[in-house]
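[1] need coordinates for the following:
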Amino acid sequence: MSTSFESVRLLICDPSQMVRSALKGALFAQSFRTINDTAGFVKLHDMLAQDAVDLVVAAQQLEHHDIGYLVQEMRHQRVGTNPFVVIIMLLSNSDPDNVRKAIDSGADDLLLLPVAPAALMTRINNILQNRKPFIVTHDYIGPDRRSKARPGQQAAPILPVPNPIKARVEDGLDGTRFERHVKDAAAALNRMKIERHAVQVDWLASHICAGIRDGTDDGPKVAAYASRLALTAEDILVRIKGTPAEAHFGTVADLREAAQMAEVQTNRLNAAALQKLHDLSKAVLRQLGGGAAAAPIRPPG
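    As a prediction, the model looks like this:
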């Protein structure tokens, strides 16, 4: 019995009407029926924001915008309520920097234009049968593409994620049950992200304090760390609202304020201000770090 993709909500995004029409025809022949297409970046944004799509096949550039940014925002739960939409990104070239940029966005898979329909269906079927779990770090949420952990490093947290293609094709989940599945997984993702942020907060604060105390970092570098710390604390504040972790809102808000002060007063921070920054970051790590505290992280890019 052949697989039917009739109920999978598909969106095809490409600047070329010819490319969109060709892909629509090829995928219609493979039993896709709920197909939308667009050349517009805003349309893609809106459909992600409205949770109106299960699978996106999209060119990397739409209306001079890099859709990788939008994919990253969706994965990080800043666009829409479903961070697990399947994304297959179509690349115009295989330049290593371009490929790395697409991978870092959190796309599920990549294909080089022009796309052969058979190759696209192979990728869709692979995701249907074996979608990769996600890894969660302070700056990346997306498929785990590592063959093994790096020597001497603990692997980042792994999250099995909902597979909307499989849910529509095989599981027979109705909309309400699948939405509940997505909601539960999104809540788990949010908790993991808070934990990773707590670890990052401690790393940044430690380097700010050491850089100023020991004179090892110049002012701009410390200010950059402080800016990153303030932004990370701000994201924690957004993520803990409405969760049990909201009990620690005041501590995180105080840390954000201390980081903002460090950013603008890099060369004027006294010992008391540094101690406050240190103590607040340790409190956030203790309160929100959970089991992620031992996992290594890399410096912000």
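
[2] okay, domains of this protein per the record?
    9-157, 186-294 (automatic domain parsing).

[3] could the ones you listed go into a markdown table alongside mean pLDDT?
    Converted to a markdown table, those look like this (pLDDT from 0 to 100):
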| stretch | mean pLDDT |
| --- | --- |
| domain 9-157 | 93 |
| domain 186-294 | 90 |
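
[4] quick one: the helices in the stretch 1-150 of the chain, in order.
    Counting by DSSP state H, counting those that start in this stretch, the stretch 1-150 of the chain has helices at residues 17-28, 41-49, 67-75, 96-104, 117-130.

[5] what's the most buried one of the ones you listed?
    Of the helices of the stretch 1-150 of the chain, the one with the most neighbours on average (mean count of other CB atoms under 10 Å) is helix 67-75, at a mean of 22. (Each C-beta comes from the backbone N, C-alpha and C, glycine too.)

[6] return the list of helices and strands in contact with that helix.
    If you count contacts as 3 or more CB pairs under 8 Å, 6 or more residues apart in numbering; DSSP states H and E, helix 67-75 packs onto helix 41-49, strand 86-91, helix 96-104.

[7] torsion angles phi and psi at the nearest residue to Asn163 once chain neighbours are set aside?
    Excluding the flanking residues, the one nearest Asn163 by CB to CB, 6 or more residues apart in numbering is Arg131, at 4.4 Å. Here is the backbone geometry of Arg131 (degrees, to the nearest 10): phi -70, psi 140.

[8] how many residues are close by Arg131?
    Close neighbours of Arg131, defined as other CB atoms under 10 Å, add up to 20.

[9] contacts only, for it.
    Counting by CB atoms under 8 Å, 6 or more residues apart in numbering, Arg131 makes contact with Val86, Asp108, Pro143, Val161, Asn163, Ile165, Lys166.

[10] what's the separation between it and Arg268?
    Distance, Arg131 to Arg268, using CB to CB, to the nearest Å: 51 Å.
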